[in-house]
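Enquirer: Here you go, sequence then predicted model.
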Amino acid sequence: MPEKLMYDAIVVGAGPAGISAAIVLARGGLKVMLIERGRFAGAKNFFGGVLYTHALADVLPDYWDRKPPFERPVTEQGYWLMSPDGVVRIMHKSQHYQKEPADAYTALRSGFDSWFAQQAVSLGALLITKTTVVDAIRDEKGRVIGVRTDRPDGDIYAPIVIVSEGVNNLLTQKMGLMKADLPPRLIALSVKEYIGLPSKEIETRFNLSGAKEGLAIDIFGDATLGLPGTAFLYTDKQGISIGVGLLLEEFVQHRLKPYEVLARFKNHPVIKPYLAGGETLEYGAHLIPEFGYDRMPDLAADGVLVAGDAAGMVDALHREGTNLAMTAGRLAGETALAAHKQNDFSAGFLRAYRRDLESTFVLKDLKQYRRMTDFLDSTPHFMSTYVNYANEAALRYFSAHGLPKRDMEDNIVKMLFQRRSFFGVARDMLKLFQGMRG
Amino acid sequence: MHAIVAIKQVPDTSNVRINPETGTLIREGVPAIINPYDAHAVELAVRLKRKFGGKVTVITMGPPKASEALVECAEQGADRGILISDRKFSAADTLATSYVLARTIEALMAEEPVDLLLFGKQAIDGDTAQVGPGVATRLGLPLISYAVSVESFDPIARTGVVHRRTERGIEVLQTTLPALLTVEKEIAAIERAPLPDVIRAAQYTPEVWSASEPVAFDVTKIGIKGSPTIVGKAYTPPPKKAGAAVKVADKGVAPTVAEALAKIKIANVVKF
C-alpha cells in the first residue's frame, strides 16, 4: 500500500477559477494540488474571447511582466443588430482603450490557460494533468476530506477541496451541492470557429491600425435566427474567433444543428466578406452554464468550496465569465487560507466565501440579472422584432426619397406599431427593464 | 535489471496536414506525442522493472520541447530521462541519430550495466525503422526487430526468449543479454499510470546532454555533417484504388476463376 497522499488543499480543474485559487493558496505557503483532466490546462477549452485584466491583476499583480499570451487588446467594441440583409452597428472606440496594459484582451484559452497554470506552478502549486476526479472522499461524519481520481492508487486527501470543474459539474452534483440533471434551458451551447487570416488582412478588413488594436463584437438578431442568443466575432493576432450561442433548449425545440446555425451566420452578406479567403483551423463547441442566481449550487459545504462555471458564474448578457471565475477562485483560495489559519473547515466557516462573493460584482451582477432568463422566456420574439425594426428604421432614416422628414419620422413610428401594439411595446420594455434591474 | 529505452517525440500524424506545394509536413500547431511504438517499449521496460526490480532509463535526441516526452515516460514509470539536445544535432538522418544514441548508450553502460535496449519498431513521422538496428550494429549487440512478446527474461542468467513477427509468421528467438529489441505495439498494452508516478513525474526535470557534455560527440558524425541522406523528392502518394471483385454467384466457379486469373495476368503482379 503506497503512502497516503496528503495535501493542504486540492483544486479540481485548471481553468481560470481553479488556477486563481491555486495561485492564492500556493502564495500563501500551502501545499496545493491542482488536478486537470485534459492533456494540459486549457486543453478542454474552446474559448476564444475577451479576457478582462482587472480580475487577473487581483490574482497576479505582476501578470504583465509574466508575459501573458494575449491576442489583441480590445480597442473597439460594441453590438451589431443584424437583420437578414443588413446590420445596425453600435460601436465604441476610444483613446482610453489604447493604454497598456488594456482593460480587456482577446485571447485563446488553450494558450492562456496553460500560461496561467504555469504561473501557479512557478509559485509552488503541483499541477497534475490527464487525471479526472471521479468522486469525493468523506469521513464518517460526511465531511469531504479528499478526492478519488480515475488512476490506480489515486486517492488524495486534504482538509479543503475547491471544486472548479467547469460547466459539466458532475462532482458538484455528486457532492449533493446541486440537483442533478440540469434542464436544457439552463445551459447554452456555443459553437465556434477559429479562422486563420494574415494579421495585415485582419487589420485592413476591420480598420485596425496594427497588432495593438483589436475588435470585440456581440451580434444579435438574424445571426441567431432571431432567437434569444448571441453571436460573436473577435479579432485575434492571426485569426478571427467567430461563433454563435443559443440555449440548448432552442436547438432542441427548433430542431437546429449547431454547425448549420454557425454556417448560416458565416454566410450572412455582412459577415462573409470579413472571412473571405480565411482557413478554418479549429472548430468546436462548448457548454455555457446559465443557471442564474436562484439556481446556483451551494457554494460551500464541510470541506468544500465551488467556483467558476461549476457554480454557474457566467454573465451571458455581458459575455463575462472568466473574470467572474478568477474573482471567485481568488476568494475561494483566500477563504481556504483563512480556514487553515483557524483550522476550521466546517461549512459554517467556509460560508464566509459566499458572503465575500455577495459583496463583489460576481454575485451582485448575477443577482441583478436573475430575471433575464424569465425575460427571454416570456418575450421570445424580442430579438427578431426589435433588431429587424432597428434595421428598417435605419433604412428609412438614411434614405432620401423626396419625402418630408416629418412623414419619414411618422412612418418609422408607425412601422413599430405595425409590428407590436402600443401596449405590446410597453410591456416588452417594462419586462426588459425588470430583467435588467433584477 | 536495467533497461534503456530510446524514444522520439513526433507530431501526431493522425492530426497532420501536408503542405501541397513543398510536400513537407505542416508541423505548426500539431500536438507532439511520444512515438506510439516507443510508448509500448517504455511500458515493457516498466513491467520488467516491476517484476525483477531495477531501473528504466529513457533517452531521446530532440529539441528542448522533447523534454515533455521524457516527463510522460516518467509518468509511465521510467526512473531517469535524458534529453540529448543541441543545435549541432539538428537535421540528423538515421546514420547520425544512431551514432548519437549508440555513444550515449555506451556512456550509460560505462556507468552501470544494462540488460536490455528497447526501441519502437519505427517512428510514425519518418517510418524508416533504421535507428534501432543501426544502434545494435554500432554496439555489436544482438538485434531482435519487430518483437511482439517476451516469453522469458532472466537478468541473472542473462538470457531471454523473444517472439518476433516476420512475413512468414512468428519467429521464436533465444538471445543473450544485453540485447536490443525494436518492438511492435502488442509487446505490452499501456496501462493507466498510478497517481504517485504521475505526481513524481510532475516534479521531475529530465537531464539535458549537449553535443560536448558529458559525452563529447564527434562533430563530423552528428547533425547535418554526419547525415549523408539526400531526400530527392517528397510527395503525397495517390490514394490506392479499390481492387476488382469477381463474383462466383454470377457465373459459376470455373469461369470466375478463369476471369480472375486473366485479370491478374493483365495486371502483371504474379509470374505464372
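Expert: All right, it came through fine.
Enquirer: Break chain B into its domains for me.
Expert: For chain B, automatic domain parsing gives the domain ranges B:2-209, B:240-272.
Enquirer: For those, could you give me JSON lines that also reports mean pLDDT, mean neighbour count and distance to chain A?
Expert: C-beta: built from backbone N, CA, C; applies to glycine. Output for the domains of chain B, formatted as JSON lines (pLDDT from 0 to 100; neighbours: other Cβ atoms under 10 Å in any protein chain shown; distance: least, Cβ to the nearest Cβ, whole Å):
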{"stretch": "domain B:2-209", "mean pLDDT": "93", "mean neighbour count": "19", "distance to chain A": "4"}
{"stretch": "domain B:240-272", "mean pLDDT": "80", "mean neighbour count": "10", "distance to chain A": "28"}
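Enquirer: would you turn those domains into TSV with distance to residue A:228?
Expert: Converted to TSV, these look like this (distance: least, Cβ to Cβ, whole Å):
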stretch	distance to residue A:228
domain B:2-209	35
domain B:240-272	50
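Enquirer: between those domains, which one is nearest to residue A:126?
Expert: The closest of these to residue A:126 is domain B:2-209. By Cβ to Cβ, the value is 5.9 Å.
Enquirer: And for the residue nearest in space to the middle of chain A, nearest residue in space, chain neighbours not counted?
Expert: Centroid-nearest residue in chain A, with Cα atoms, centre = their mean: residue A:321, separated by 3.3 Å. Of all residues not flanking residue A:321 in the chain, residue A:314 sits nearest, at 4.2 Å (Cβ to Cβ, 6 or more residues apart in numbering or on different chains).
Enquirer: Report the contact partners of the one you found.
Expert: The neighbours of residue A:314, taking Cβ atoms under 8 Å, 6 or more residues apart in numbering or on different chains as the test, are A:288, A:289, A:290, A:320, A:321, A:324.
Enquirer: Tell me if I'm right that the residue nearest to the centre of chain A and residue A:307 touch.
Expert: No: here residue A:321 does not reach residue A:307: they are 11.9 Å apart, not a contact under Cβ atoms under 8 Å.
Enquirer: Mutual contacts of those two, please.
Expert: Common neighbours of residue A:321 and residue A:307 (Cβ under 8 Å, 6+ apart) are residue A:313.
Enquirer: need the helices for the stretch 51-200 of chain B, in chain order.
Expert: B:67-76, B:94-111, B:131-139, B:195-202 (DSSP state H, counting those that start in this stretch).
Enquirer: Go through the residues of the stretch 251-400 of chain A and report the one nearest to chain B.
Expert: Nearest to chain B, among the residues of the stretch 251-400 of chain A, is residue A:281, at 7.1 Å (Cβ to the nearest Cβ).
Enquirer: was I right about that residue contacting residue A:236?
Expert: No: using Cβ under 8 Å, residue A:281 is not in contact with residue A:236; the gap is 10.5 Å.
Enquirer: quick revisit: please give the element, helix or strand, for the residue of the stretch 251-400 of chain A closest to chain B.
Expert: Element membership of residue A:281 [criterion: DSSP states H and E] is strand A:279-289.
Enquirer: Would you mind listing the buried residues in that strand?
Expert: Going by neighbour count (16 or more other Cβ atoms under 10 Å in any protein chain shown), the buried part of strand A:279-289 is A:282, A:286, A:287, A:288, A:289.
Enquirer: List the residues that are in contact with both of residue A:281 and residue A:236.
Expert: Each of residue A:194 lies in contact with both residue A:281 and residue A:236 under the rule Cβ under 8 Å, 6+ apart.
Enquirer: what about residue 238, neighbour count?
Expert: I went with chain A, as the question did not name one. Number of residues near residue A:238 (other Cβ atoms under 10 Å in any protein chain shown) recorded here: 16.
Enquirer: was after chain B, sorry
Expert: 6.
Enquirer: Okay, helices next: where are they in the stretch 201-350 of chain A?
Expert: Under DSSP H, counting those that start in this stretch, the stretch 201-350 of chain A gives helices at A:248-253, A:258-266, A:272-275, A:322-342, A:347-350.
Enquirer: Single out the most deeply packed of those helices.
Expert: helix A:322-342 (a mean of 24; mean count of other Cβ atoms under 10 Å in any protein chain shown).
Enquirer: phi, psi of residue 257?
Expert: You didn't pick a chain, so chain A it is. phi -100, psi 130 (degrees, to the nearest 10).
Enquirer: again, but for residue A:7
Expert: Dihedral angles (degrees, to the nearest 10) for residue A:7: phi -130, psi 170.
Enquirer: Next, count neighbours for the residue nearest to residue A:159 when sequence neighbours are not counted.
Expert: Using Cβ to Cβ, 6+ apart and skipping the chain neighbours, the partner closest in space to residue A:159 is residue A:345 (4.8 Å). Look at residue A:345: counted by other Cβ under 10 Å, it has 23 neighbours.
Enquirer: Isn't residue A:345 up against residue A:338?
Expert: No: using Cβ under 8 Å as the test, residue A:345 is too far from residue A:338 to be in contact (10.5 Å).
Enquirer: hmm, back to that, quick one, which of the helices of the stretch 201-350 of chain A is nearest to residue A:156?
Expert: helix A:322-342 (15.3 Å).
Enquirer: centre of the chain versus that closest one, how much separation?
Expert: Relative to the chain's own centre, helix A:322-342 is displaced by 19 Å; criterion: Cα atoms, centre = their mean, to the nearest Å.
Enquirer: and that helix, what other elements does it pack with?
Expert: helix A:16-27, strand A:48-52, helix A:53-59, strand A:161-163, strand A:304-306, helix A:347-350, helix A:352-358, helix A:361-368 (3 or more Cβ pairs under 8 Å, 6 or more residues apart in numbering or on different chains; DSSP states H and E).
Enquirer: could I get the ones you listed as TSV with mean pLDDT and distance to residue B:259?
Expert: TSV is the format used below for the helices and strands packed on helix A:322-342 (pLDDT from 0 to 100; distance: least, Cβ to Cβ, whole Å):
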stretch	mean pLDDT	distance to residue B:259
helix A:16-27	98	67
strand A:48-52	86	58
helix A:53-59	96	73
strand A:161-163	98	68
strand A:304-306	98	71
helix A:347-350	97	80
helix A:352-358	96	79
helix A:361-368	92	75
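Enquirer: Residue A:335 versus residue B:155, what's the distance?
Expert: Distance from residue B:155 to residue A:335, counting by Cβ to Cβ, to the nearest Å: 54 Å.
Enquirer: Ok, residue B:124 next?
Expert: From residue B:124 to residue A:335 the distance is 48 Å (Cβ to Cβ).
Enquirer: Residue B:177 too?
Expert: On the measure of Cβ to Cβ, residue B:177 and residue A:335 end up 58 Å apart.
Enquirer: Repeat that for residue A:221.
Expert: Separation of residue A:221 from residue A:335 (Cβ to Cβ): 42 Å.
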